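[1] model this:
(one chain, ligands or ions: 2)
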Amino acid sequence: MSNRIPLLTVAVSFAMLAAVIFWVGTRDQSAPTPAQAKTANAAPAARGDTTESATKSEDVAVSGNAASERSEPLPGAAQPGAASAADDFAPPARSEIPDDEFGAMVRKGRDIFTDTQQHADQFVGNDLQCANCHLDEGRRPDSAPLWAAWAMYPAYRGKNKHVNDFAERIQGCFRYSMNGTPPPRGDEVLVALESYAYWLASGAPVAKNLPGRGYPELEAPEQPPSFTRGKQVFADHCALCHGSDGQGQRAADGSLAFPPLWGPRSYNWGAGMHRVNTAAGFIKANMPLGAATLSDQQAWDVARFIDSQERPQDPRFTGSVSETAEQYHGEHSMYGQTVNGVVLGQNAPPSGTAAKVNQP
Ligand code: HEC
Ligand code: HEC
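    Ligands and ions are numbered 1, 2, ... in the order given. The predicted structure is shown next:
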């Protein structure tokens, strides 16, 4: 892939790339940047968490980031004496994974989550890792953190019109976001990911929608999202890391430093991130990485731009783009729409093509 990146771009971005790779590698231990803290703050307040929102937001920012680990000795006990432990929920520190059989499974789940390519490659059909979209190992608020998800299942999902347990929810991310083949029920990969999520949720209340869950929902933008403006936002704020062709960039050792945003190795047309509103919320809260300062309008525009690019087919493809669009794609999807004279989805490579599954 790297040979498709123009040499000049590589040369120009090399220093910054190196700096970011270093930052990505060390951020576990580092305190959040002001920008990150600010983003983590924004969502709970914006969600109408009216009571003492200022104080509470601060708590969320602290408790939801790695900062809490260095100061808090006990799992889930980030806010001793707090009236509502739920609103101040913090996952246990990494160092607190128990040293027993259960802890070994939690570690396995964490490895799969952060390096899915390495530890669950037979189920993956693109270049992504779970943690590319669930940042900071699935711990970061407003980045669909696992600790907020665990106790919200079983739940009815409109997407497949039945009640899903947690394992099935994870299978969904393998099928769509990872463009792969979901591990079968009972497979150790699922058990490990469940164990990791369950452990992260230690002490979290059951069936309570915790602040920081999912990605923030943005208000509808003032102006309808624009491909043209989005293209400019992309060039100015995203291309440096994700590549001017959106295909991501690899480090010298071949590992993927920056994930692809579209194309055959990215999430497919059935993934949540392909919806412009979902991508806009994720981007507003989390991108550009380490400096998430875009306006809502910019986030909507760039989301519209990246989600108007071809990517692997929707696994539910009926054989007809218009029919598939009709059945499965709502107002925030560009699938089946004509952009620059081309119907999106029409030239999509088949879903799961890149899967490394050994067919019997
Ligand atoms: C391309 C981005 C992307 C990747 C990669 C990805 N996910 Fe997701 N995931 C999402 C989106 C989008 C949602 C829905 C969030 C929302 O609706 O706010 C989601 C939701 C979830 C949820 C439910 C969250 C909740 O609060 O209900 C779980 C659990 C989950 N993902 C696990 C995984 C696992 C495990 C992997 C790797 C096998 C993975 N995801 C890979 C984008 C991604
Ligand atoms: C400083 C480098 C950097 C910049 C600039 C940046 N990103 Fe990212 N982006 C990343 C990294 C690294 C990840 C994976 C995060 C992780 O694994 O912790 C990521 C993940 C993503 C993802 C989810 C994974 C995927 O491949 O789909 C999306 C979507 C995304 N970025 C969009 C954007 C957009 C849009 C912009 C510009 C507004 C942007 N990014 C700017 C580094 C960057």
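[2] From now on I want contacts and neighbour counts done on CA atoms only, so please keep to that.
    Fine.
[3] interface residues of the protein facing ligand 1?
    113, 128-130, 132-133, 144, 146, 148-149, 169-170, 173-174, 177-178, 213-215, 267, 272-273 (C-alpha under 6 Å from any ligand atom).
[4] so what's the residue nearest the centre of the chain closest to, chain neighbours aside?
    The centroid of the chain falls nearest to residue 133 when counting by C-alpha atoms, centre = their mean (1.6 Å). Excluding its sequence neighbours, the residue lying closest to residue 133 (C-alpha to C-alpha, 6 or more residues apart in numbering) is residue 143, at 6.8 Å.
[5] what's the burial count for the one you found?
    For residue 143, the neighbour count with other C-alpha atoms under 10 Å is 25.
[6] Am I right that it falls within a helix?
    No: Residue 143: not assigned to a helix; according to DSSP: H, G, I helix; E, B strand; the rest coil it is coil.
[7] for it, what are its contacts?
    For residue 143, the contact set (C-alpha atoms under 8 Å, 6 or more residues apart in numbering) comprises 133, 134, 135, 212, 213, 214, 215, 282, 285, 286.
[8] redo that, cut-off 6 Å
    134, 135, 214, 215 (C-alpha atoms under 6 Å, 6 or more residues apart in numbering).
[9] what about the first one, distance to residue 273?
    Here the criterion is C-alpha to C-alpha, to the nearest Å. By it, residue 134 lies 12 Å from residue 273.
[10] Over to the third one?
    With the distance defined as C-alpha to C-alpha, residue 214 ends up 12 Å from residue 273.
[11] For the stretch 201-350 of the chain, just list every one of the helices.
    Ranges of helices in the stretch 201-350 of the chain, per DSSP state H, counting those that start in this stretch, are 227-237, 239-242, 276-286, 296-306, 321-328.
[12] could you give the mean pLDDT of the third one?
    It stands for helix 276-286. Mean per-residue pLDDT for helix 276-286: 98.
[13] Ok, the last one next?
    Here the mean pLDDT over helix 321-328 is 98, rounded to a whole number.
[14] What's the local residue count around the residue in the stretch 201-350 of the chain that ligand 1 sits nearest to?
    Nearest residue of the stretch 201-350 of the chain to ligand 1: residue 214, at 3.5 Å (C-alpha to the nearest ligand atom). Counted by other C-alpha under 10 Å, the residues lying close to residue 214 total 21.
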